[in-house]
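**Student:** what follows is a protein structure lacking sequence information:
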C-alpha cells in the first residue's frame with residue numbers, strides 16, 4: 001500500500017509511513033518505507049515502530065537495530081532506538097525492518113511510525129496479523145539393519161603339542177610333542193603287558209613252592 005505524506009498536528013515536522021505490507025506474519029521481520037520532513041538540516045532522529053491489536057496499545061511493535069529488535073514500549077526505548085539523519089533539506093525517506101512481537105494475537109491490527117525527538121507519530125494504518133509459517137517437518141528415516149557377520153570357527157589340529165617351556169620362562173628348553181594314540185591301541189598294549197607279568201609271577205610261585213614243599217614235609221614227619 002502506498003500513502004501520501006501527512007503532517008502531524010500543526011507542527012512543521014511530518015512523519016509518514018509510505019509503504020507497508022497489509023498482511024504481517026507474527027514474529028517474522030518485514031520491511032516498511034517511512035519518511036520524515038521538517039527537521040533542521042542534517043539533524044539526527046531516533047525512531048520506533050508500533051503495532052497494536054487494540055485501539056490504544058502499540059507495544060507489540062519492534063524495530064531492528066543492528067542484530068537486535070527494540071520493543072516499542074521497552075524501558076528507555078527512545079534512548080536505545082536506532083537513528084537516522086535528515087538531509088540538508090531536512091528530509092529523510094528510506095526502508096527499515098520491523099517485527100511483530102510473538103505475544104500478539106492474530107486478526108486486525110494497526111501500525112504506526114514514531115520519531116522520539118521531537119516526539120512525533122504518524123497516523124495509524126490498518127494491517128492484518130497472521131500466524132508465522134510453520135517450521136519445516138523433518139521426516140524420520142528408518143535405516144536397514146546391517147547384516148550380522150558369520151561366526152568365526154577355530155579348528156584344532158589333529159596332534160596337540162605341549163607348550164615349549166621357552167615360551168613361559170624365556171629359556172631354550174623345548175618340550176617334545178606327545179603323540180596322540182587311539183584308546184584301542186592303548187588297551188591292547190596294557191593287556192599284553194598284564195599277561196606277561198602274570199606268567200612271570202606264576203612261574204616264580206611254582207618254583208618257590210617246589211623248593212619249599214619238601215622241607216615242610218620233613219618237619220611234619222619228625223613231629
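**Tutor:** All right, it came through fine. What you are looking at is a predicted structure, and each value in this text was computed from that prediction instead of being measured.
**Student:** and stretch 47-55, what's buried?
**Tutor:** 47, 48, 49, 50, 51, 52, 53 (16 or more other C-beta atoms under 10 Å). Every C-beta, even on glycine, is put in place using the N, C-alpha and C of the backbone.
**Student:** kindly report the same for stretch 62-69.
**Tutor:** 62, 63, 64, 69.
**Student:** mind listing which of these are in strands?
**Tutor:** Counting by DSSP state E, these place 62, 63, 64, 69 in strands.
**Student:** flag the shaky bits of this protein, pLDDT-wise.
**Tutor:** 1-11, 154, 156-195, 207-223 (pLDDT under 70).
**Student:** which segments of it make up each domain?
**Tutor:** Structural domains assigned to the chain are 14-130, 182-223, following automatic domain parsing.
**Student:** and the furthest pair within the buried residues of stretch 62-69?
**Tutor:** Farthest-apart pair in the buried residues of stretch 62-69 is 62 and 64; separation 7.5 Å (C-beta to C-beta).
**Student:** what do these two both touch?
**Tutor:** Contact criterion C-beta atoms under 8 Å, 6 or more residues apart in numbering; residues shared by residue 62 and residue 64: 70, 98, 99.
**Student:** one step back: so which of the domains of the chain comes closest to residue 155?
**Tutor:** That would be domain 182-223 among those, by C-beta to C-beta, at 20.2 Å.
**Student:** before we move on, the earlier item: and the buried residues of stretch 62-69 as CSV, adding distance to residue 24?
**Tutor:** Conversion of the buried residues of stretch 62-69 to CSV gives the following (distance: C-beta to C-beta, whole Å):
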residue, distance to residue 24
62, 12
63, 13
64, 14
69, 14
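**Student:** which among these gets closest to residue 81?
**Tutor:** The closest of the buried residues of stretch 62-69 to residue 81 turns out to be residue 63 (C-beta to C-beta; 6.9 Å).
**Student:** and residue 75, how far is that from residue 59?
**Tutor:** Applying C-beta to C-beta, to the nearest Å, the value for residue 75 to residue 59 is 12 Å.
**Student:** look at these two and report which has more neighbours.
**Tutor:** For residue 75 versus residue 59, the count of surrounding residues by other C-beta atoms under 10 Å is larger for residue 59: 18 against 7.
**Student:** contacting residues for the more buried one?
**Tutor:** Neighbouring residues of residue 59 by C-beta under 8 Å, 6+ apart: 50, 52, 71, 72, 73, 101.
**Student:** neighbours of the residue nearest to the first one when sequence neighbours are not counted, just the number please.
**Tutor:** Spelled out, it's residue 50. In space, and not counting its chain neighbours, residue 50 is closest to residue 58: 3.0 Å by C-beta to C-beta, 6 or more residues apart in numbering. Residue 58 sits with 22 neighbouring residues when counted by other C-beta under 10 Å.
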